[in-house]
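Novice: Sequence isn't available, so here's the structure alone:
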């Protein structure tokens, strides 16, 4: 096993070379255990891991995969203060090297962070970090002291979200909405404007089902795509959140 601490002062070529070297060595080691891994129980879609803005290594992702029977991950890439998570590209590459093929990312965009969304997508492209979907987190009014720059005029907030969506779609990426019922109602007035997008909602009730949503739907969504149902916990040395999808 090996660990990596990559300084931001490295050139892009040096960084890419170092990451590729580590992935190559890990894949070589992984091949030795392929027969054993094939005999292990099949992974389910019962959990998804949510590493929080920290650099994880390939063995950690493999441990998360095996310990939680996880088959997909969602990795943070843009912080609520508008700063790109410079670990995101390596986390994506290492998660893929560990065997994950279903990899999404999430953004905590502040209301004025349209350019930062563009910059983050370009950063991941520059480092060849491949992912499937961008989840836009619409939050910060009901569960945080910082309202993330949202307006008290809900129609203005809807327009801001439209700009975020258009920015992601303009770069040819799929998007989804990541929010809670209370935040969505408070920020957007419960708009149905985005109910054709996948919904990832959070409610820390520790129940891996959508029953709570069906009792109190919002935003015009008929059914969600995923639910974040537990607060973070330490697993394999990483802070992860458990999510569920059917």
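Specialist: Received, thanks. Owing to the predicted nature of the structure, the values given are computational and were not obtained by experimental measurement. Numbers count the residues shown, from 1 in each chain.
Novice: And what about residue 66, helix, strand or coil?
Specialist: helix (DSSP: H, G, I helix; E, B strand; the rest coil).
Novice: how many neighbours does it have?
Specialist: 16 (other C-beta atoms under 10 Å). To be clear about C-beta, it is placed using only N, CA and C from the backbone, and glycine gets the same treatment.
Novice: mind checking how far it is from residue 243?
Specialist: Distance from residue 66 to residue 243, counting by C-beta to C-beta, to the nearest Å: 18 Å.
Novice: how's this structure carved up into domains?
Specialist: Per the TED database, the domain ranges recorded for the chain read 13-40, 43-244.
Novice: between these, which has the poorest average model confidence?
Specialist: Of all these, the minimum mean pLDDT falls on domain 13-40 (a mean of 53).
Novice: just to revisit the earlier point, most tightly surrounded among the domains of the chain?
Specialist: domain 43-244 (a mean of 18; mean count of other C-beta atoms under 10 Å).
Novice: Quick one: distance of that one to the chain centre.
Specialist: Mean-position distance between domain 43-244 and its chain equals 4 Å (C-alpha atoms, centre = their mean, to the nearest Å).
Novice: any idea how far residue 164 is from residue 96?
Specialist: Taking C-beta to C-beta, one finds residue 96 at 26 Å from residue 164.
Novice: where exactly do the helices run in this structure?
Specialist: Counting by DSSP state H, the chain has helices at residues 12-32, 34-39, 58-68, 88-97, 114-126, 154-170, 181-188, 211-215.
Novice: Dump the ones you listed to a markdown table, plus distance to residue 234.
Specialist: Formatted as a markdown table, the helices of the chain follow (distance: least, C-beta to C-beta, whole Å):
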| stretch | distance to residue 234 |
| --- | --- |
| helix 12-32 | 23 |
| helix 34-39 | 24 |
| helix 58-68 | 11 |
| helix 88-97 | 17 |
| helix 114-126 | 27 |
| helix 154-170 | 31 |
| helix 181-188 | 26 |
| helix 211-215 | 26 |
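Novice: Nearest to residue 140 among these would be which one?
Specialist: helix 181-188 (7.1 Å; C-beta to C-beta).
Novice: That closest one packs against which elements?
Specialist: strand 133-138, helix 154-170 (3 or more C-beta pairs under 8 Å, 6 or more residues apart in numbering; DSSP states H and E).
Novice: Please report the distance of residue 96 from residue 132.
Specialist: 11 Å.
Novice: intersection of neighbour lists for those two?
Specialist: Contact with both residue 96 and residue 132 is made by residues residue 103, according to C-beta atoms under 8 Å, 6 or more residues apart in numbering.
Novice: isn't residue 58 right up against residue 96?
Specialist: No - shown here, residue 58 and residue 96 do not form a contact pair, counting by C-beta atoms under 8 Å, at 9.4 Å.
Novice: Now do the same contact list for the nearest residue to residue 193 once chain neighbours are set aside.
Specialist: Leaving aside its sequence neighbours, residue 193 sits nearest to residue 158 (C-beta to C-beta, 6 or more residues apart in numbering; 5.8 Å). By C-beta under 8 Å, 6+ apart, the contact set of residue 158 is 188-189, 191, 193.
Novice: now residue 158: how far from residue 122?
Specialist: From residue 158 to residue 122 the distance is 26 Å (C-beta to C-beta).
Novice: what does residue 66 give?
Specialist: 34 Å.
Novice: Quick check: end-to-end length of stretch 228-238?
Specialist: 17 Å (C-alpha to C-alpha, to the nearest Å).
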